[in-house]
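# 3D model of this:
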Amino acid sequence: MSDAAQAPAPGTADLVRNRTFDEIAVGDRASMTRTLTHQDMQLLAVLAGDAGAPCPDPPDGCPAHAAVAQGLFAAGLLAALVGTRLPGPGARLLRQRLRFERPPRIGDTLRMDIEVTARDAGAGALVMACGVHDQDGACVLEGEIEVAAPDRRIERPRATLPEVRLSSGSSIDRLHLLARPLGPVRMAVVHPCDALSLAAALQARDAGLALPVLVGPATRIAAVAAEQGLDLAGIAVEDVPHSHAAAARAAELAGRGEVEALVKGSLHTDELMAAVLAAEAGLRTKRRASHCFLMQVPAYPRPFIITDAAINIAPTLAHKADIVRNAIELAQVVGVARPKVAILAAVETVSATMPATLDAAALCKMADRGQIAGAVLDGPLAFDNAVSVAAARIKGIASEVAGQADILVVPDLESGNMLAKQLEYLAGADSAGIVLGARVPVVLTSRADGPDARLASCAIAVMLAHHYRSAPP
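Numbers count the residues shown, from 1 in each chain. Next comes the predicted model:
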């Protein structure tokens, strides 16, 4: 008896080889495992229409037709096993008899097994018993497959499959859906003395996200409102003479608990952050403050975080550890329970001449030792390996993070800022910006950002503010 799933010979892992009919005996077998993901079901829905719509826990919580589609997905995995392992390339399916015990669930790790039970030398056919079981050993399906085995040897390079990336709508809309039920948060809008920042404050109010407190020169704010036709009735205004005073006053309000978030208006980032981090404001925590861009790019299947692209210019290893911790907290607040963190560098190998790779290796070891918790870290990873499964596979990188990163940790502010802006302006990314590490979230968008980015950032601030009520930073 032989096992067709045995380890490949050295140097052959990138090749697919079949076995001819004459090389196969009764009792030969093969197996493989595959974890069923939500993206698998999304892709099935694209191919099968509503019949493949993803379901969290079939059959009880799912329409019967979708449960059928998930069962057929498991049958498709058996076909992949026949077509790549036993007999492999050149095999032709003749008939199958399958009994479906239950549809697989998203998150199940499925084991597919086939074993040759009979040979028909005249027809060159094989009869194989087959089964699919989940991680607990429960049967998903079982039955019998008959295939025509190839009569000649086929050897070909293992294919690098195209990546399929699915978009499920605007991340901004999803953020609003998450934030609105929590209720609006009182936010100090710092120096809203231009049309964009003042209008965004009112839009956040109208969207049910913010109870704005406008902090700045009252006469300038009123003039902008009149020029733009904006109604400030019922909105609190803290009158101060200039932007520096506005930053200090807003930080004071936050320190006294009168507002739960700060929103940057028409002033420079360093002016606002100097007030937030001043000792007298009382907003500093044990963590270093850092900025996160939450971005959604049409070519990537999930929202992701880029950090730090706005606060820490040349972070040390200790600074990067806090940058990672802050990003993990944000990811968890927006719904990623155990985010995958890619520590970026120019290469994916550790080099003594490239400090970013040394920091990446150290951060991963810190995670191993529990100094950074709540996430899966890997690095150094070049950008292509962090976001592309195909690129990682071609380079021989085996990683839980590669191609699936939820968080991209950049080496320094310059590289992060350029990456975020390139994605925004050249790749059509939606973005939102927030600062963590202070006692209140700080909405920190660019002065060039439009209303959507500002509203999305306010939505994140709402979620963080509500989170901080039960888990103060």
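# who touches the most centrally placed residue in the chain in this structure?
In the chain, the centroid-proximal residue (CA atoms, centre = their mean) is residue 406; its distance is 3.2 Å. Each residue near residue 406 by CB atoms under 8 Å, 6 or more residues apart in numbering is listed here: 302, 303, 304, 305, 331, 336, 339, 340, 341. Every residue, glycine included, has its C-beta placed from N, CA and C.
# What's the separation between the fifth one and residue 370?
Read it as residue 331. 18 Å (CB to CB, to the nearest Å).
# if you count what's nearby, which of those two comes out ahead?
Each of residue 331 and residue 370 has its neighbours counted (other CB atoms under 10 Å); residue 331 has more, 24 against 7.
# Is it correct that the more buried one falls within a strand?
No - checked against DSSP: H, G, I helix; E, B strand; the rest coil, residue 331 lies outside a strand; its state is helix.
# Am I right that it is in contact with residue 407?
Yes - contact status for residue 331 versus residue 407: in contact at 6.0 Å, counting by CB atoms under 8 Å.
# which one of the contacts of residue 406 is nearest residue 380?
residue 341 (12.1 Å; CB to CB).
# Domains in this protein, by residue range?
Domain segmentation of the chain under automatic domain parsing yields 15-157, 169-285, 286-437.
# mind putting these in TSV, mean pLDDT included?
Putting the domains of the chain into TSV (pLDDT from 0 to 100) gives the following:
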stretch	mean pLDDT
domain 15-157	82
domain 169-285	93
domain 286-437	93
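# how about the strands in the stretch 251-400 of the chain?
Secondary structure of the stretch 251-400 of the chain (DSSP state E, counting those that start in this stretch): strands located at 261-264, 290-296, 304-307, 340-344, 376-381.
# Can you list the strands that the third one pairs with?
Translated: strand 304-307. Sheet pairing for strand 304-307, assigned by DSSP bridges, gives strand 290-296 (antiparallel), strand 407-409 (parallel).
# next helix or strand past the last one?
Read it as strand 407-409. As assigned by DSSP states H and E, the chain's next helix or strand after strand 407-409 is helix 413-426.
# Identify each buried residue in stretch 23-32, please.
Buried positions in stretch 23-32, judged by neighbour count with 16 or more other CB atoms under 10 Å: 24, 28, 29, 30, 31, 32.
# about what we covered before: can I get the domains of the chain in a markdown table including distance to residue 461?
Listed next are the domains of the chain as a markdown table, based on distance: least, CB to CB, whole Å:
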| stretch | distance to residue 461 |
| --- | --- |
| domain 15-157 | 27 |
| domain 169-285 | 4 |
| domain 286-437 | 6 |
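# And the helices in this structure, which stretches?
Along the chain, counting by DSSP state H, helices occupy 38-48, 64-84, 171-179, 195-206, 218-228, 243-255, 269-277, 317-333, 355-368, 383-387, 389-394, 413-426, 451-470.
# Now distance to residue 402 too, for the ones you listed, in CSV please.
Shown next, in CSV, are the helices of the chain (distance: least, CB to CB, whole Å):
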stretch, distance to residue 402
helix 38-48, 15
helix 64-84, 22
helix 171-179, 22
helix 195-206, 37
helix 218-228, 48
helix 243-255, 39
helix 269-277, 32
helix 317-333, 17
helix 355-368, 13
helix 383-387, 5
helix 389-394, 4
helix 413-426, 17
helix 451-470, 27
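# out of those helices, which comes closest to residue 152?
Across those, closest to residue 152 is helix 64-84 (CB to CB), at 16.0 Å.
# if we can go back for a sec, would you mind checking which of the contacts of residue 406 is nearest to residue 281?
Closest approach to residue 281 among those (CB to CB): residue 305, at 25.8 Å.
# Skip the chain neighbours and tell me the closest residue to that closest one.
Excluding the flanking residues, the one nearest residue 305 by CB to CB, 6 or more residues apart in numbering is residue 407, at 4.6 Å.
# Is the one you found in contact with residue 308, as I believe?
No - assessed by CB under 8 Å, residue 407 is found out of contact with residue 308, at 11.2 Å.
# Quick check on the two: which one has the bigger neighbour count.
residue 308 (30 against 27).
# wait, that one sits on residue 414?
No - the criterion here is CB under 8 Å, and residue 308 misses it with residue 414 at 11.0 Å.
# hmm, back to that, most packed of the strands of the stretch 251-400 of the chain?
With neighbours defined as mean count of other CB atoms under 10 Å, those peak in mean count at strand 261-264, which reaches a mean of 28.
# what lines up beside that strand in the sheet?
Sheet pairing for strand 261-264, using DSSP bridges, gives strand 185-190 (parallel), strand 442-443 (parallel).
# Nearest to residue 214, out of those strands?
Nearest of the strands paired with strand 261-264 to residue 214, taken as CB to CB: strand 185-190 at 5.3 Å.
# what's the angle from that closest one to helix 218-228?
100 degrees (axes from the mean of the first three to the mean of the last three CA atoms, to 10 degrees).
# Need the residues that contact strand 185-190.
Outside strand 185-190, the residues that reach it (CB under 8 Å, 6+ apart) are 197-198, 201, 204, 209-216, 238, 243, 246-247, 250, 253-254, 258-265, 267, 272, 443, 458, 461-462, 465-466.
# Apply the buried test to these and list what passes.
Buried among those by 16+ other CB under 10 Å: 197-198, 201, 204, 209-216, 238, 243, 246-247, 250, 253-254, 259-265, 267, 272, 443, 458, 461-462, 465-466.
# so residue 460 touches residue 330, yeah?
Yes - using CB under 8 Å, residue 460 is in contact with residue 330, at 7.4 Å.
# which residues do the two both contact?
294, 434.
# related to what we said a few turns ago, nearest to residue 120, out of the helices of the chain?
helix 64-84 (16.2 Å).
# Mind listing the shared neighbours of residue 331 and residue 407?
305, 339, 375.
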